[in-house]
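Peer 1: Pasting the sequence and the predicted coordinates here, then a few questions.
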Amino acid sequence: MQKKEPKRVIATISAGIGAVCMAQKAQYKTQYVQRLGGAIQESESNLKKYQTIAKDEGISLRDLIDRYQNSEDSTIVQLGNNIEKSADRLENLLVSQESGKQVKEIYQATRDTYNYGIPLTSGTVGYALVGGLAGVLVCKSAKLALKFLSNRM
C-alpha cells in the first residue's frame, strides 16, 4: 500500500499542474476579449466625430474622407488618411470579434501585460478539468514508458 502512495502524489501533482496551466487559457482569453472590446469602443468613439461632420454635411463618411484626401492642404489630406486608417482598423476589429480571429496588435499587447490568475468561472473550471486529465495522462504515459523501457533492458 505504501508503494502506491508516491504514485498518487505524483499523479495529483501532475493533475494540479495541468489544471493550473490550462486555466491560464481561459484567463488569457478573458483579458484578450476585454482589450479587443476596448479597442473597438475607442475606434468607434474616434470615428463618431467624423461621422457627425459627414452627417451635418449631408454626405457619407467615405465621401468626407475622399473630400479631405483630395484637398490641396496637406494637413487636411493627412487628416483624411488618418480617418480612413481609423475606419479600416474598426472594420478589422469588428471582423475579428465576429470571426474569433486574433488581431496581432491586441494579441501582443495582451501577452505583454498578461496577469496570471485563475478566476472561478465555468470556462476556467472546464479548462482546469481538461488540464487535470491531461496531467494524469502524462503521468500515466510516463509511467508506462518507463516500465516498457525497464523491461527491454
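Peer 2: Noted; the coordinates are in hand.
Peer 1: what's near enough to touch the residue nearest the centre of the chain?
Peer 2: In the chain, the centroid-proximal residue (Cα atoms, centre = their mean) is Y32; its distance is 3.5 Å. By Cβ atoms under 8 Å, 6 or more residues apart in numbering, Y32 lies in contact with Q102, I106, Y107, T110. All C-beta spots, glycine's among them, are computed from the backbone N, C-alpha and C.
Peer 1: I'd like the mean pLDDT over the helix or strand it falls within, please.
Peer 2: Assigned by DSSP states H and E, Y32 belongs to helix 4-57. Helix 4-57 shows a mean pLDDT of 85.
Peer 1: give me every residue that touches L133.
Peer 2: By Cβ under 8 Å, 6+ apart, the contact set of L133 is A15, G18.
Peer 1: Point me to the helix or strand that includes it.
Peer 2: Here L133 is assigned to helix 122-152, by DSSP H and E.
Peer 1: Right, I'll leave it there.
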